[in-house]
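Novice: Pasted the sequence and its predicted model underneath.
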Amino acid sequence: MESELQRLLAAVRPLDEAAMEAARSRQSRLAKPPGSLGKLEEISVRLSGITGRVRNRLDHRRILVLCADNGVVEEGVASAPQSVTAAQAVNMTRGKTGMSALASWFGDEVQVVDMGIACPYECPAILDRKIAQGTQNIRYGAAMTREQALRAILTGAALAAQAQADGIQGLGTGEMGIGNTTTSAAVLSALTGAPVETVTGRGGGITDESFARKKQVITESLRRNAPDAADPVDVLAKVGGFDLAALCGVFLGAARCRIPVVIDGFISAVAALCAARLCPAAAGYCFPSHASYERGYALAARELGLSPWLLLDMRLGEGSGCPLAFQVMAAACAAMNGMATFEDAAINDGYLDEIRAKDSFTV
């Protein structure tokens, strides 16, 4: 599996600079003040770098929801019982959670994947890729073996490859797993060296006592397991989760398949950072959605060099930011594809020459 991961990383190619330059050229000729569509212009240019085409569409979209339980919940770091992971995974397939209701409204596919749900359930619609009945308690040792981490990463990459085969033009990343803000904070602290206090939030809501316990458990877990920041697979294996590792694989697989992939909130941002640390070129295929309310999100986004598009105070997870981000990306495509150029509109744009020579908009 180590060699398979290396082949995956080697297959990721940088964005197509020639296509992006052609997209910028078209943007400069569209009948509007230069740069006036802001991030929509940036999105359209990066989409061109991914697909190699100046004009793109985002008609077929899928949100991959990776579900797994975490042994660290034994430490009282979450308010919800572990059974909620299985219950909500099932509800997602029925369009009854926040994310899946949004996805259904906007016409997005949702694929729910069991990477390690601990409690029993009956739902044929959930794709079974279970590695184990949840991870081990990171306070006392590694969450999983390195082999399990590699298997999870490669499973995520395979899900992205299947999406490409199914004609998907945009991927979203979601997760479900009680306790996974704890593992995500541990992974982020390990990767960046940031103090536990600065990356740990209250997740789905916990008491002051539980919050203090959560930070203590993460600190003890990092000290006991000593994950190697230079080796993201080691970090995921020692203090991560099956959902995080699989999400990391989705980001890598999407990059290999040249599919744009949306980051939801804190958990998927940490997984994207793992992917970018393994393969820096993969970051170019990642698109932010909203600024998560969770404390560590801002650091993860900065490390990725991304700025979130939406400020909605969201903290649900599940991939709930992805249906909204898909619509923003579709808007970027609509403007790029449908607007008239100055020539089409019979407008002489010579009056813009002086304005284009420098920043004539910032006050």
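Specialist: That came in fine, so what should we check first?

Novice: all contacts plus neighbour counts: C-alpha atoms, from now on.
Specialist: Fine.

Novice: Once you drop chain neighbours, what's closest to E74?
Specialist: N137 (7.3 Å; C-alpha to C-alpha, 6 or more residues apart in numbering).

Novice: For the one you found, give me its contacts.
Specialist: Contact analysis of N137 by C-alpha atoms under 8 Å, 6 or more residues apart in numbering lists 70-74, 143.

Novice: Within the helices and strands, which one has it?
Specialist: Secondary structure assignment for N137, by DSSP states H and E: no helix or strand.

Novice: ok, now how distant is it from V239?
Specialist: In this view, N137 and V239 are 9 Å apart by C-alpha to C-alpha, to the nearest Å.

Novice: shared neighbours, these two?
Specialist: A143.

Novice: Please put the alpha-carbon coordinates of stretch 313-322 into PDB.
Specialist: Extracted in PDB, the C-alpha atoms of stretch 313-322 (Å, rounded to 0.1, in the frame of the first residue of the first chain):
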ATOM      1  CA  ASP A 313     -21.600  31.100  11.300                       C
ATOM      2  CA  MET A 314     -22.100  27.400  10.300                       C
ATOM      3  CA  ARG A 315     -20.800  24.600  12.400                       C
ATOM      4  CA  LEU A 316     -22.900  21.600  11.400                       C
ATOM      5  CA  GLY A 317     -20.400  19.600   9.400                       C
ATOM      6  CA  GLU A 318     -21.700  16.600   7.300                       C
ATOM      7  CA  GLY A 319     -20.600  18.500   4.100                       C
ATOM      8  CA  SER A 320     -23.300  21.100   4.600                       C
ATOM      9  CA  GLY A 321     -21.200  23.900   3.100                       C
ATOM     10  CA  CYS A 322     -20.800  21.900  -0.200                       C
END
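
Novice: quick one: it to chain centroid distance?
Specialist: 11 Å (C-alpha atoms, centre = their mean, to the nearest Å).

Novice: For it, buried residues please.
Specialist: Buried residues in stretch 313-322, defined by neighbour count with 16 or more other C-alpha atoms under 10 Å: 314-322.

Novice: what's the farthest-apart pair in those residues?
Specialist: Pairwise distances across those (C-alpha to C-alpha) peak at 12.8 Å, for the pair R315 and C322.

Novice: re earlier: between the buried residues of stretch 313-322, which is nearest A22?
Specialist: Closest to A22, out of all of the buried residues of stretch 313-322 and judged by C-alpha to C-alpha, is C322, at 27.5 Å.
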